[in-house]
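In: what follows is a predicted structure for the sequence shown.
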Amino acid sequence: MPSTNSTPVQSIATATNPITAGPALIPAEGSTAAPIMTRERQGSVGSAATKKAKVLKPFNTANIKILLLENVNETAVSALRDQGYQVETYAKALGEDDLIDKIKDVHCIGIRSKTKLTKKVLDAAEKLGVIGCFCIGTNQVDLEHAASKGIAVFNSPFSNSRSVAELVIAEIVLLSRQLGDRNKEMHQGIWSKVSANCYEIRGKTLGIVGYGHIGSQLSVLAESMGMRVLFYDVVPLMPLGTSKQVHSLSDLLTEADFVTLHVPETEDTKNMIGELELNQMKQGSFLINASRGTIVQIPALAKALRSGHLGGAAVDVFPKEPAANGKFFESELIGCPNTLLTPHIGGSTEEAQSMIGVEVSQAFIKFIYNGTSIETSIRLCYTHANVPGVLLRITNILADHNVDKQFSDSKGKIAYLMADISDVTAEQIQDIYRRVSETPTNIVTRVLY
Ligand SMILES: NC(=O)c1ccc[n+]([C@@H]2O[C@H](COP(=O)([O-])OP(=O)(O)OC[C@H]3O[C@@H](n4cnc5c(N)ncnc54)[C@H](O)[C@@H]3O)[C@@H](O)[C@H]2O)c1
Ligand SMILES: O=C(O)[C@H](O)COP(=O)(O)O
């Protein structure tokens, strides 16, 4: 899908576009801060003049500490260990107290959808420069607070989209044929051959809420199985195939035989589907939620299923999910008729997890060395308050130098500037660093080479 499909309300950093650059990642031996970074190995990065500057504050890759939680894929673990970093892994999400303890001295943290990086946790992170969400969603991170501290956040924007879309296709068929209930009965030794209220999906209407990476992929798959597709999104989007965008959520709810949710968790989408919306859905229709647990009001859904107003539901995500496998799960949906419950496995395939592991770990590595996830060379990275006059001030500081390239971007009150500078001596690098970091708008300044 074109990138215009990424949601405006959750305009997050992607694996190739950090929301903001982080602080110096690793201090030199015996120092508490390391504004100037360079790799210890002889690399392809940097000119002869800048290589001399290594004596300033070299860092050893073995000093970089990375914490990976929630069973991040082995592709990431080995890629990061191959760089010589210290990598600690956990199969589960950590609770707030454990996290505060663990995050203190790590430079990079890798999480999935369950680890909550709250303001309190981020404030305890003394050296954190990068957060890698090894998933699509970033609602588990306080993005605004991370930005204010100059911590970069990456995610993997589409590596598991296909896996989610395929799961939803399977669920449409399963719900339509009441396969969850039939399977359960057979395992209990009950033979119950029924055709009442069991349907083909051909010719039925699928209503997709959120036509982004997943919703649009699903649209194509559903049409290939003979379904008619309607979608609702807050932005006007090009319909794929013969699908049609509708004007309102109500238009979609009243017409669809299957409603499937693919919106991010935002203030607007929380509790988006409650009693009112469920009542608008057709008698006997089905609801699928593989987005975020907070989008659907669970008591209202349980009521609609038990009363028979809905013909069934498939739910992969819940407002409260256990932190690890083997932990107890409870929900009002347990025991509801024709209701498929899955433990947040939408993106859990070998293909998706290994792609995510490669993508986000590469973003980490590029960010640690280059200050961006895009390959470049020597640069000044300046995270600053987004107020008028900053660019002029920096231009003045760099006036006597050869600036090869300059880039700046902003998000709300925070902005990020990168400048590639050539032909500078070690003393000049020190001077640039000092003058830039002393500007009143400074949040974090790094000089990489
Ligand atoms: N179950 C899983 O394992 C799993 C896997 C991947 C993603 N997800 C969830 O699915 C969500 C969607 O993923 P995606 O990759 O398709 O995201 P996306 O950003 O590509 O698409 C989201 C779409 O929702 C639209 N949208 C935003 N707010 C809306 C609103 N209030 N009403 C209607 N439309 C709205 C956006 O405009 C966008 O087109 C993710 O944010 C994540 O939370 C879950
Ligand atoms: O945001 C996502 O990509 C999904 O919710 C998957 O999350 P997970 O990696 O925790 O399974």
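Out: Cool, the structure landed. Numbering: from 1, shown residues only. Ligands and ions are numbered 1, 2, ... in the order given.
In: so which residues on the chain come close to ligand 2?
Out: 112-114, 135-137, 160, 344, 346-348 (C-beta under 6 Å from any ligand atom). Every C-beta, even on glycine, is put in place using the N, C-alpha and C of the backbone.
In: what's near enough to touch L341?
Out: When contacts are counted by C-beta atoms under 8 Å, 6 or more residues apart in numbering, L341 touches 315, 331, 333-334.
In: report the buried members of these.
Out: Burial of the contacts of L341 was assessed by neighbour count (16 or more other C-beta atoms under 10 Å); the buried members are 315, 331, 333.
In: what's the closest of those residues to ligand 1?
Out: Nearest to ligand 1 out of the buried ones among the contacts of L341 is V315 (C-beta to the nearest ligand atom; 9.9 Å).
In: related to what we said a few turns ago, nearest to S307, out of the buried ones among the contacts of L341: which one, please.
Out: Comparing the buried ones among the contacts of L341 against S307 with C-beta to C-beta places L333 closest, at 13.8 Å.
In: helix, strand or coil for the closest one?
Out: When classified by DSSP: H, G, I helix; E, B strand; the rest coil, L333 comes out as coil.
In: residue ranges of the helices in this structure, please?
Out: Counting by DSSP state H, the chain forms helices over residues 48-52, 74-82, 96-103, 119-124, 143-148, 161-176, 179-187, 213-224, 249-255, 275-280, 298-306, 350-370, 390-397, 426-437, given from the N-terminal end onward.
In: closest to I443 out of those?
Out: Among the helices of the chain, the nearest to I443 by C-beta to C-beta is helix 143-148 (7.3 Å).
In: could you list every helix and strand in contact with the closest one?
Out: Counting contacts by 3 or more C-beta pairs under 8 Å, 6 or more residues apart in numbering; DSSP states H and E, helix 143-148 packs against helix 119-124, strand 152-154.
In: one step back: closest one to I414 among the helices of the chain?
Out: helix 143-148 (4.7 Å).
In: just the C-alphas of the closest one, formatted as PDB.
Out: Output in PDB follows, covering the C-alpha atoms of helix 143-148 (Å, rounded to 0.1, in the frame of the first residue of the first chain):
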ATOM      1  CA  LEU A 143       5.800   8.300  22.300                       C
ATOM      2  CA  GLU A 144       5.500  11.900  23.300                       C
ATOM      3  CA  HIS A 145       7.600  11.500  26.400                       C
ATOM      4  CA  ALA A 146      10.200   9.400  24.500                       C
ATOM      5  CA  ALA A 147      10.400  12.200  21.900                       C
ATOM      6  CA  SER A 148      10.900  14.800  24.700                       C
END
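In: list of residues touching it?
Out: Under C-beta under 8 Å, 6+ apart, the answer for helix 143-148 is 12, 19-20, 117, 119, 122-123, 131, 152-153, 411-414, 443.
In: so which bits of it are buried?
Out: Buried residues in helix 143-148, counting neighbours by 16+ other C-beta under 10 Å, are found at 143, 145-148.
In: how about the residues you listed in CSV, adding pLDDT?
Out: Conversion of these to CSV gives the following (pLDDT from 0 to 100):
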residue, pLDDT
L143, 95
H145, 96
A146, 96
A147, 91
S148, 92
